[in-house]
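A.B. asks: Build the 3D model from these lines:
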Amino acid sequence: MQTFSNAAAGTIVFSLADRVIENRAYLSEIDGKIGDGDHGVNMAKGFGMAAERLKGKDASLADALDTLGTVLMTEIGGSMGPLYGVMFMEFAEKLQGVEAVDAKTYSTMLHAGLEGIQSIGSAKVGDKTLIDTLVPAVEAFDEATTAGKSFGDALEALAAAADAGRDSTLNLVAKIGRASRLGERSLGVLDAGATSCAIILKELSLGARDRLQ
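C.D. replies: Purely as a prediction, here's the structure:
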């Protein structure tokens, strides 16, 4: 059975921060078309702060995700800070005390993050939000493992579904948040939250895949 070491995987959060910071301008550009235009700036600030606090520490993935979630929850403004904050803190909680993370634990982690977001937001699939990325990604992971695929293959299926979910928001009308005021004018633009969620899920999952034993 494929697993990866929780203790050895904290550095994935540095990779997450790198990807988000790398996409700062892109995420803000997308957000500027139908939102406030600050999504990339806020995300890069939060992930950068978390990476700075983890520097020099030999943190497990659970502890690194907890640090990231706490920073986003308490120190980053906008709607996305609390949403991603609760997601990462839920991820961390499900990994605490786990030495070797297997597919079942990873699924439990993903579902806890999704439920955390749903507990503080009302968005559903089709509303043009990060939920349009997260839900199909989680479903794809579960479907792959149920079909008997390896942990590694399930992580790849998750990453592919996250991309497809992100792309689906191009053809959706925003029903939640500032973009919802634009109505039909929000068509043809990617949702910034769905886009950042795809970046996060892919980096986290492919980072886990690369550490499988």
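A.B. asks: So for stretch 152-164, mean pLDDT?
C.D. replies: Mean per-residue pLDDT for stretch 152-164: 98.
A.B. asks: just stretch 104-111 next, same as before
C.D. replies: Stretch 104-111 carries an average pLDDT of 98.
A.B. asks: Would you mind pulling the contact partners of that stretch?
C.D. replies: Contact with stretch 104-111 is made by 90-91, 94-95, 98, 101, 137-138, 141-142, 145, 151, 155, 158, 208, as judged by CB atoms under 8 Å, 6 or more residues apart in numbering. The way it works is simple: take the backbone N, C-alpha and C, and place the C-beta from them, glycine included.
A.B. asks: And those residues, which is closest to residue 46?
C.D. replies: Distance to residue 46, by CB to CB, is smallest for residue 91 among these, at 15.2 Å.
A.B. asks: Relative to the whole chain's centre, how far out is the helix or strand the closest one falls within?
C.D. replies: Per DSSP states H and E, residue 91 falls inside helix 80-95. The chain centre lies 9 Å from the centre of helix 80-95; the measure is CA atoms, centre = their mean, to the nearest Å.
A.B. asks: buried stuff in the helix or strand hosting residue 113?
C.D. replies: Assigning secondary structure by DSSP H and E places residue 113 in helix 103-120. Neighbour counts over helix 103-120 (16 or more other CB atoms under 10 Å) mark 103, 105-110, 112-114, 116-118 as buried.
A.B. asks: Point out the other helices and strands that whichever helix or strand comes after it packs with.
C.D. replies: For helix 103-120, the following helix or strand on the C-terminal side (DSSP H and E) is helix 131-146. Applying 3 or more CB pairs under 8 Å, 6 or more residues apart in numbering; DSSP states H and E, one finds that helix 131-146 contacts helix 103-120, helix 151-168, helix 192-210.
A.B. asks: between helix 131-146 and helix 151-168, how big is the angle?
C.D. replies: Computed by axes from the mean of the first three to the mean of the last three CA atoms, to 10 degrees, the angle separating helix 131-146 from helix 151-168 equals 150 degrees.
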